[in-house]
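[1] sharing a sequence plus its predicted fold:
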Amino acid sequence: MPNSQISIYTQKEQGEEWLRRYRGCLPIFACVLGFTETGLIPGISAAGRTPEDRKYTACADAEFLYYGPEHKAQYPLPPLAAGASPVLISRAVFESLKIPVHLFNAGLPQPPAVPVIDLGGAPAKCLSGGAAMEITTVHHLLEQGLLWGERLATNIQQGYLIIGECVVGGTTTALAILTGLGIDAAGKVNSSHPVCNHTQKWALVQTGLEKMKGSRGQGAGGREQDETFQSQIQNSVDPLELVAAVGDPMQVVVAGMAIAASRSCGVMLAGGTQMLAVYALMSAIAQAYALSWQPEEIVVGTTRWVAEDPTGATVDLALNLEKTSLTESGRTPPLLATHLSFADSRYPQLRAYEQGFVKEGIGAGAACIAAHLSQDWQQHQLLAAIEAQFERLSTALNQS
């Protein structure tokens, strides 16, 4: 069955089988909001022009996703150096297709101004300290993820669950989790910048993982060579301790949700680098804690701007997931991407995506894949719906 609007980059047969199974089905969308102080480091992220703006990005995205462009927002969408928030894409699809949206607060510095399920988490400190979260919080968030994954899946008869996220700085915590699990990810992750800031991310990750090793009594000696650095960490790491050291609150919630939901329905992890890290984390958690799950029910869905990012290596990264003993149970997931293009958009803010700005977020790629799957939407329908959201937002801003 041709999918002219969807590309499959890894595990082609499994990906095609998944798309066949869920063609014509409507998903439900769960979005997990989280925060890491890593996102406040100057230059680390383009999801908000200043560190102060980035404190409120998740709240602003959640509010727009839930209420749409006409709502007078308590947290308006933050100004970006270029481009427009990917929440415009997600909102356009979910509103048009009437896809139910559930928002979860895994740990934000302030409560969002929308109906949200509070999971009793906490924001993460900067990963460079090697002590991002309390281990008790991480265990609690995993339990909450497992509980809600099961709960959401019971409401799905024939469809699937899309799980998205909003965490500013999340590709850096993703790099830390991947590296800590022994996966070669340096220089392969994405970012919201047109050219990924790999050197900055890698320096933070090395610092954080070395501090974690030091605190576990292995001595923080001199800086090891990169290869041995990875193999030394992976030999004895507990995946939940790794999250507590260098992760963010979203990761473990989504891991738990997807593990539980995969037992009874399809799951699309919405995002690129961050969801590949979550998938690796799920494999490691399922293995370490003997949790049952169905890896063949899980795909990762993103945009082609992420999958084909010339300054990252998303497909390589996906293929590297099976090259470590810690993630044996999961291997490599099918990586899917929408063909959505803004090359012909009348708005420069949307055309900026074609220059490598923004790329993805808050379930944008997965939303487009869902529109192709359930309603057979083509490029022109997606573009029209997204431009209509942008127009409504511009009108609302001009009137306020």
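    Thanks, I have it.
[2] rest of the way, CA atoms for contacts and neighbours
    Fine.
[3] what about residue 7, is that helix, strand or coil?
    strand (DSSP: H, G, I helix; E, B strand; the rest coil).
[4] isn't it up against residue 338?
    Yes. Using Cα atoms under 8 Å, residue 7 is in contact with residue 338, at 6.5 Å.
[5] more neighbours: these two, which one.
    Each of residue 7 and residue 338 has its neighbours counted (other Cα atoms under 10 Å); residue 338 has more, 27 against 22.
[6] pLDDT wise, what is the residue nearest to the more buried one when sequence neighbours are not counted at?
    Among residues not flanking residue 338 along the chain, residue 6 sits closest, at 4.7 Å (Cα to Cα, 6 or more residues apart in numbering). Listed pLDDT for residue 6 reads 97.
[7] in contact with residue 6: list those residues for me.
    Residue 6 makes contact with 336-339, 369, 372 under the criterion Cα atoms under 8 Å, 6 or more residues apart in numbering.
[8] how about a cut-off of 7 Å?
    Taking Cα atoms under 7 Å, 6 or more residues apart in numbering as the contact definition, residue 6 lies against 336-339, 369.
[9] same thing with residue 201?
    Taking Cα under 7 Å, 6+ apart, one finds residue 172 in contact with residue 201.
[10] so which residues of this structure form strands?
    Using DSSP state E, the strands of the chain run over residues 6-8, 28-34, 101-107, 117-118, 160-166, 266-270, 298-303, 335-338.
[11] now those as JSON lines including distance to residue 358?
    Formatted as JSON lines, those follow (distance: least, Cα to Cα, whole Å):
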{"stretch": "strand 6-8", "distance to residue 358": "20"}
{"stretch": "strand 28-34", "distance to residue 358": "18"}
{"stretch": "strand 101-107", "distance to residue 358": "22"}
{"stretch": "strand 117-118", "distance to residue 358": "27"}
{"stretch": "strand 160-166", "distance to residue 358": "13"}
{"stretch": "strand 266-270", "distance to residue 358": "15"}
{"stretch": "strand 298-303", "distance to residue 358": "11"}
{"stretch": "strand 335-338", "distance to residue 358": "15"}
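[12] so which of those gets nearest residue 127?
    Judged by Cα to Cα, the one of these that comes nearest to residue 127 is strand 28-34, at 14.0 Å.
[13] and residue 315, how far is that from residue 272?
    10 Å (Cα to Cα, to the nearest Å).
[14] comparing the two, which residue is more hemmed in?
    Just comparing residue 315 and residue 272: by other Cα under 10 Å the higher neighbour count belongs to residue 272, 34 against 20.
[15] related to what we said a few turns ago, and which of the contacts of residue 6 is nearest residue 302?
    Closest to residue 302 out of those is residue 337 (4.7 Å), distances taken as Cα to Cα.
[16] so what's that closest one bridging to?
    Beta-bridge pairing of residue 337 under DSSP bridges involves residue 7, residue 302.
[17] tell me how many other residues surround the residue lying closest to residue 186 once chain neighbours are set aside.
    Setting aside the residues directly before and after it, residue 186 is nearest to residue 202 in space (Cα to Cα, 6+ apart), at 6.6 Å. Neighbourhood size, residue 202 [other Cα under 10 Å]: 18.
[18] contacts for stretch 389-400?
    Under Cα under 7 Å, 6+ apart, the answer for stretch 389-400 is 69-70, 88, 92.
[19] buried subset of those?
    The neighbour count (16 or more other Cα atoms under 10 Å) marks 69, 88, 92 as buried among those.
[20] and the first one, how far is that from residue 288?
    Spelled out, it's residue 69. In terms of Cα to Cα, residue 69 sits 44 Å off from residue 288.
[21] worst-scoring helix or strand of this protein, pLDDT-wise?
    Taking mean pLDDT, DSSP states H and E as the measure, helix 226-234 is the helix or strand of the chain with the lowest mean score, a mean of 49.
[22] what ranges does the stretch 251-400 of the chain have for its helices?
    273-288, 304-307, 314-320, 348-351, 364-375, 379-399 (DSSP state H, counting those that start in this stretch).
[23] wait, which of these is closest to residue 297?
    Counting by Cα to Cα, and looking across all of those, nearest comes helix 273-288 at 12.1 Å.
[24] distance of the residue nearest to residue 186 relative to residue 258?
    Separation of residue 202 from residue 258 (Cα to Cα): 28 Å.
[25] for residue 22, same thing?
    Distance of residue 22 to residue 258, computed by Cα to Cα: 17 Å.
[26] between the two, tell me which one has more neighbours.
    Neighbours per residue, other Cα under 10 Å: of residue 22 and residue 258, the larger number sits with residue 258, 33 against 18.
[27] I'd guessed the more buried one sits against residue 150; true?
    No. Contact status for residue 258 versus residue 150: not in contact, 8.8 Å apart, counting by Cα atoms under 7 Å.
[28] how about the contacts made by the nearest residue to residue 209 once chain neighbours are set aside?
    In space, and not counting its chain neighbours, residue 209 is closest to residue 130: 6.1 Å by Cα to Cα, 6+ apart. With contact taken as Cα under 7 Å, 6+ apart, residue 130 is in contact with 208-209, 211-212, 245-246.
[29] pLDDT, neighbour count and distance to residue 297 for those - can I get that in TSV?
    Formatted as TSV, these follow (pLDDT from 0 to 100; neighbours: other Cα atoms under 10 Å; distance: Cα to Cα, whole Å):
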residue	pLDDT	neighbour count	distance to residue 297
208	98	24	33
209	97	27	32
211	96	21	36
212	96	27	33
245	98	30	29
246	98	33	28
